[in-house]
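Engineer: just need the structure, nothing else, for what follows:
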Amino acid sequence: MVVGTDRFKRLGEVERRSLGMAELTMAIAEHPLGGLQPDKLLAKADGLLEQVVEGLIGSR
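Structural biologist: Residues are numbered from 1 along each chain as shown. Predicted structure coming up:
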């Protein structure tokens with residue numbers, strides 16, 4: 001599982017392929033994650049949670 005922001009999504013895709021892990025799932029949040037007030041960071045984390053769970057267990 002790769003977690004990152006939309007600004008670095010393309011980089012994550014390139015890295016997955018170059019490392020031979022193209023099937024590795026990604027969870028992407030709106031950039032930035034750093035420098036945010038706690039409430040805004042928690043909102044972004046909540047948005048990532050569903051993507052992370054789906055990436056780890058797949059859709060059922």
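Engineer: and Ala27, helix, strand or coil?
Structural biologist: strand (DSSP: H, G, I helix; E, B strand; the rest coil).
Engineer: contacts only, for it.
Structural biologist: Listed by CB atoms under 8 Å, 6 or more residues apart in numbering, the contact partners of Ala27 are 1-4, 48, 51-52, 55. Glycine gets a C-beta too; all of them are placed from N, C-alpha and C.
Engineer: gap between it and Asp46?
Structural biologist: Using CB to CB, to the nearest Å, we find Ala27 at a distance of 12 Å from Asp46.
Engineer: what is the burial count for Gly4?
Structural biologist: 17 (other CB atoms under 10 Å).
Engineer: return the set of residues that bridge with it.
Structural biologist: Beta bridges link Gly4 to Ile28 when assigned by DSSP bridges.
Engineer: looks like it contacts Leu24 (just checking).
Structural biologist: No. In this structure Gly4 lies outside contact range of Leu24 using CB atoms under 8 Å: 11.7 Å.
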